[in-house]
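Student: got a predicted structure here, sequence first:
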Amino acid sequence: MKKKFLLPLSLPLLCITTMLQAQTPFTPLDTNYTTTTVIIPPSPLFYDVLFIGNTDYVHVNGGADSALAKQNHDFIGLVPIGTGRKQNWVIVNHEITNTKNTKLGDGGGQTAFRVKKNNSGHWEVKPTIWNKKFANVDFTALGGTNTNCGGIVTPYGTTLTAEEFPVSSNASLYASGTGYSDTSNYTIPPGNGIYSGEVLKRWEQMGWMTEVNPSSATAIKKYYSMGRFSHEGGWAMQDGKTVYLTDDFTPGLLFKFVASETNDYTEGQLYAYKQGAAGIGGSWITLPMAFDSLLIIRDVAFRMGATGFTRLEWAWADYYEDKLFFTETGADAADYKIAMKAGSNPAYQIQRLDTIYGTVADSVLTDYYGRVWQLDLNTLDCSPLVEGGAGSDGKHFSNPDGLAYVRYKNGLEYLFINEDLNGFSQGRNPAYITSSSNLINEVYCLDLKITNPTVDDLERFVIGPKGSETTGPTFSKDGNTYFVNIQHPGSTNTFPFNNSTTIAITGMRDYLAALPTRKAEIETAMSADVFSIYPNPATRELHLNKTTDIAVYNNSGELLFTERNVNVINVSELASGVYFVQTINGEVQKLIVE
């Protein structure tokens, strides 16, 4: 018979309360805002560095040549290999505009690679395409690409890269010889449906959604059917036909595209969202699909009454695809005059910004903070989910941009929201930060079970290094790893965060899904009148809902040890199996040790 007597351990109620508070999912982060590296919560979270701009070599021409990686990492397209728990294809956008690069291609671009989790749970980049680690996507056959911002993962395993802020002339594209070398006309090749054979000026070939296969680093085609505008990103529905598209412009629009064929976006119908009166309900305006209309589709949609927003960014649908979440980053002075004269109006909930900061009603909206929207895809009600601004504790949530959604099997759902500050005023950063080289952006998490959330409900998750924007957020299929880019950080930051860097933060499932559940179990157990224990199963510590004397027995009824006047006991030395915990009053609870 094994007997074990330990020193008495007694925790007063105050300590129990402190323990409950400490086990909330988010550990407070150091907010001195002078960090030269990335700050994330402590264990069980850790991060792996995957891809570093201007440091890693990216291969071209079947692996025969290479060049230092481009910078300005933005969208991360993650395509699972199998379940995605162990391996994924990764593709990273380079948000670069009108810049010459003789090896990797002028303008923006993309880099593709494969990541695999090793035996210790860390992600590593593995040689795959051309037996190299990093492969360049060649867009030459598609007339090039430019300012690759956000993107979309399709339901059939490819990605769409979004060409933002398209230029309006070949002179801008050429950039006095420092930009695109080839400014000749481009003829749309066969295989592009009714748009095959159209002749475009080279600058008109920029500003589309472009499909890429990350497993082969191959550019497939540009989707003219989705229109030419300042593509930020969007969301592809699982039906293989419907795609929601966001327009990063002032004012910008929310578009919907429905393909004629499943898993083929070559042809179809494009729509623009129009909000209902007083912000109730809405409709989709059917847009003309003639090519000359698609080239200026935003202006066409304005004339047809589409609703304006101030710079739409990322979008993500929920698990059931009933809701579409999207970010509106805002602007300090958003001029709606031309759009309103054409026939558009700002979304109902932001019209107040025309006068809220004391200015006259001049159709220039002052929107310092932005917001996250929620569109009900059944009723078409569109309203802010959470407004940017100041919280009661002085926290500021400002200019949301990147967005990622995750849901766990226990039903918990979260949004991760990346800031991209438009300025320094209005508390968006501390007063001593006055230049973009020192600007700090953060990532916040919102528990979607919270009703009518405010800034106070947002949890600070990541603080980016000085000068950087965090972007490209996405989760592995199992929800355990959060992939994110550190874009354009300060050049004097600590390596590797003095270059654009792709990292993977692992441990998210345990951190997000387990801790809130455990907290709820503790609170239930501690408030019960009858004797109860937590957690169960247990591995290290077992908590009792009251201070008492206890005895622990194995499944054969043998007494293993006793303790006096305790409400926490150590069970780490017990072998896996079934045990029974009995109080001095004869109350018994079955315990499972893992």
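Tutor: Yes, it's here. Residues are numbered from 1 along each chain as shown.

Student: from now on I want contacts and neighbour counts done on CA atoms only, so please keep to that.
Tutor: Noted.

Student: contacting residues around residue 585?
Tutor: Residue 585 sits next to no residue when contact means Cα atoms under 8 Å, 6 or more residues apart in numbering.

Student: which SS state does it fall under?
Tutor: Per DSSP: H, G, I helix; E, B strand; the rest coil, the local secondary structure of residue 585 is coil.

Student: roughly how far does it sit from residue 579?
Tutor: Plainly put, residue 585 is 18 Å away from residue 579 if you go by Cα to Cα, to the nearest Å.

Student: with residue 173 instead?
Tutor: Shown here: residue 173 relative to residue 579, a distance of 73 Å by Cα to Cα.

Student: looking only at neighbour counts, state which of these two leads.
Tutor: Taking other Cα atoms under 10 Å, residue 173 and residue 579 do not tie; residue 173 has more neighbours (26 against 21).

Student: the more buried one and residue 184 touch, don't they?
Tutor: No. Look at residue 173 against residue 184 with Cα atoms under 8 Å: they stay out of range, at 11.1 Å.

Student: quick check: neighbours shared by these two?
Tutor: What both residue 173 and residue 184 touch, as defined by Cα under 8 Å, 6+ apart, is an empty set.

Student: give me the neighbour count for residue 272.
Tutor: Neighbour count of residue 272, defined by other Cα under 10 Å: 26.

Student: residue contacts, it?
Tutor: Per Cα under 8 Å, 6+ apart, neighbours of residue 272: 253, 254, 255, 256, 284, 285, 286, 287, 301, 306.

Student: looking at this, it is in a strand?
Tutor: Yes. Applying three-state DSSP, one finds residue 272 inside a strand.

Student: any idea what it is bridged to?
Tutor: When bridges are called by DSSP bridges, residue 272 pairs up with residue 255, residue 285.

Student: break the chain down into its structural domains.
Tutor: 1-30+532-594, 31-518 (automatic domain parsing).

Student: let me see the mean pLDDT of the longest one.
Tutor: To tie it back to what came earlier, the one meant is domain 31-518. In this model, domain 31-518 has an average pLDDT of 96.

Student: and residue 174, which of the three is it?
Tutor: helix.

Student: so it makes contact with residue 183?
Tutor: Yes. Using Cα under 8 Å, residue 174 is in contact with residue 183, at 6.9 Å.

Student: more neighbours, the two?
Tutor: A direct count of neighbours by other Cα under 10 Å for residue 174 and residue 183 places residue 174 higher, at 21 against 16.

Student: tell me which element the spatially closest residue to the more buried one that is not a sequence neighbour falls in.
Tutor: Spatial nearest neighbour of residue 174, excluding adjacent residues (Cα to Cα, 6 or more residues apart in numbering): residue 180 at 4.7 Å. According to DSSP states H and E, residue 180 maps onto no helix or strand at all.

Student: hang on, isn't residue 180 packed against residue 169?
Tutor: No. Using Cα under 8 Å, residue 180 is not in contact with residue 169, being 11.7 Å away.

Student: and residue 213, its phi and psi?
Tutor: phi -100, psi 110 (degrees, to the nearest 10).

Student: which residues does the residue nearest to it when sequence neighbours are not counted contact?
Tutor: For residue 213, ignoring the flanking residues on the chain, the nearest one in space by Cα to Cα, 6+ apart is residue 158 at 4.9 Å. Neighbouring residues of residue 158 by Cα under 8 Å, 6+ apart: 79, 211, 212, 213, 214.

Student: got it, and residue 277?
Tutor: Neighbours of residue 277 in contact, by Cα under 8 Å, 6+ apart: residue 348.

Student: ok, residue 442 next?
Tutor: Taking Cα under 8 Å, 6+ apart, one finds 418, 419, 460, 461, 462, 463, 464, 470 in contact with residue 442.

Student: now for the nearest residue to it once chain neighbours are set aside: which residues touch it?
Tutor: Spatial nearest neighbour of residue 442, excluding adjacent residues (Cα to Cα, 6+ apart): residue 463 at 4.5 Å. Residue 463 sits next to 31, 38, 39, 40, 440, 441, 442, 443 when contact means Cα under 8 Å, 6+ apart.

Student: how about residue 463: which residues does it bridge to?
Tutor: residue 39, residue 442.

Student: how close does it sit to residue 149?
Tutor: For residue 463, the distance to residue 149 (Cα to Cα) stands at 21 Å.

Student: and for residue 227?
Tutor: Distance, residue 227 to residue 149, by Cα to Cα: 16 Å.

Student: check residue 367 too.
Tutor: Residue 367 is 22 Å from residue 149, by Cα to Cα.

Student: of these two, which one has the most company?
Tutor: Using other Cα under 10 Å, the more surrounded residue of residue 367 and residue 149 is residue 149, with 30 against 25.

Student: wait, the more buried one sits on residue 246?
Tutor: No. Counting by Cα under 8 Å, residue 149 stays clear of residue 246, with 11.5 Å between them.

Student: so residue 579 sits against residue 552, correct?
Tutor: Yes. Under the criterion of Cα under 8 Å, residue 579 makes contact with residue 552 at 6.9 Å.

Student: packing partners for the longest strand seen in the chain?
Tutor: Identified as the longest strand of the chain according to DSSP state E is strand 541-554. Judged by 3 or more Cα pairs under 8 Å, 6 or more residues apart in numbering; DSSP states H and E, strand 541-554 is in contact with helix 515-527, strand 533-534, strand 559-570, strand 577-583.

Student: give me the neighbour count for residue 101.
Tutor: So residue 101, with other Cα under 10 Å, has 16 neighbours.

Student: er, residue 281 actually
Tutor: That count, for residue 281 with other Cα under 10 Å as the rule, works out to 17.

Student: ramachandran angles for the closest residue to it other than its chain neighbours?
Tutor: Among residues not flanking residue 281 along the chain, residue 381 sits closest, at 4.1 Å (Cα to Cα, 6+ apart). The phi and psi values for residue 381, taken as degrees, to the nearest 10, are phi -70, psi 130.

Student: from residue 367, how far off is residue 381?
Tutor: 22 Å.

Student: quick one: the strands in the stretch 151-300 of the chain?
Tutor: 159-163, 186-187, 199-200, 209-213, 218-223, 231-236, 242-247, 254-261, 264-275, 282-286 (DSSP state E, counting those that start in this stretch).

Student: measure stretch 90-103 end to end?
Tutor: Note: stretch 90-103 ends 21 Å apart using Cα to Cα.

Student: all numbers from here: first residue = 408
Tutor: With 408 as the first residue, the last one maps to stretch 497-510.

Student: buried ones in that stretch?
Tutor: Residues 497-508, 510 are the ones in stretch 497-510 that count as buried (16 or more other Cα atoms under 10 Å).
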